[in-house]
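Asker: got a predicted model here, sequence first, then my questions.
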Amino acid sequence: MSETTDEPTVNPHAETVRRLASAMLRTAVWPGVATVAVAAVVATALVGTPGLLGALVGGVVAFGSSLLTIWLMRFTGGMNPHFVMVAALGGYVGKMLVLLVVMTLLGGVEALHRESLAFTMLATVMVWAGAEVVAFKRTKIPTIVPGS
């Protein structure tokens, strides 16, 4: 005779992915903010108001793109690990397409300096990705979760 419990089973993979997403977010936010701030100051000094606006819009787009990755990790964390990889790769491709479309659409806006927007967006995404790698290494989460 087996006993059944009403307690939900805990998915160790989901907990691990969500803990990693939280660590990545905590580690990446402030370097991302600093990158946008530095880019805004430099763009303003070099180009003026259009540079400032371009840098700020580029920073917002980059932050949105980077936060989408964290959301995707949290959303798919409880799913089959194979599906998580498919979602991660699909999310990456989708994110690059969205960034391309946004850059194309915003490139013709006269109030925004195109290069300030592009370089700020690129720098912020690169700094954020680097911070995510640092967070991954610091969390010491095994890449293979036993029992999953």
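Answerer: Great, that's in hand.

Asker: for stretch 62-79, the distance to its chain's centre please.
Answerer: Offset of stretch 62-79 from its chain centre (CA atoms, centre = their mean, to the nearest Å): 7 Å.

Asker: in the helix or strand encompassing residue 22, what's buried?
Answerer: Using DSSP states H and E, residue 22 maps to helix 12-47. Residues of helix 12-47 classed as buried: 13-14, 16-18, 20-21, 23-25, 27-29, 32, 35-36, 39-40, 42-44, 47 (neighbour count, 16 or more other CB atoms under 10 Å). Every C-beta, even on glycine, is put in place using the N, C-alpha and C of the backbone.

Asker: repeat that for stretch 70-86.
Answerer: Those would be 70, 72, 73, 74, 76, 77, 84, for stretch 70-86 by 16+ other CB under 10 Å.

Asker: dump the residue contacts of the residue nearest the centre of the chain.
Answerer: Nearest residue to the geometric centre of the chain (CA atoms, centre = their mean): residue 66, 2.0 Å. Residues near residue 66 by CB atoms under 8 Å, 6 or more residues apart in numbering: 28, 32, 124, 125, 128, 129.

Asker: I'm done for today, thanks for sticking with me.
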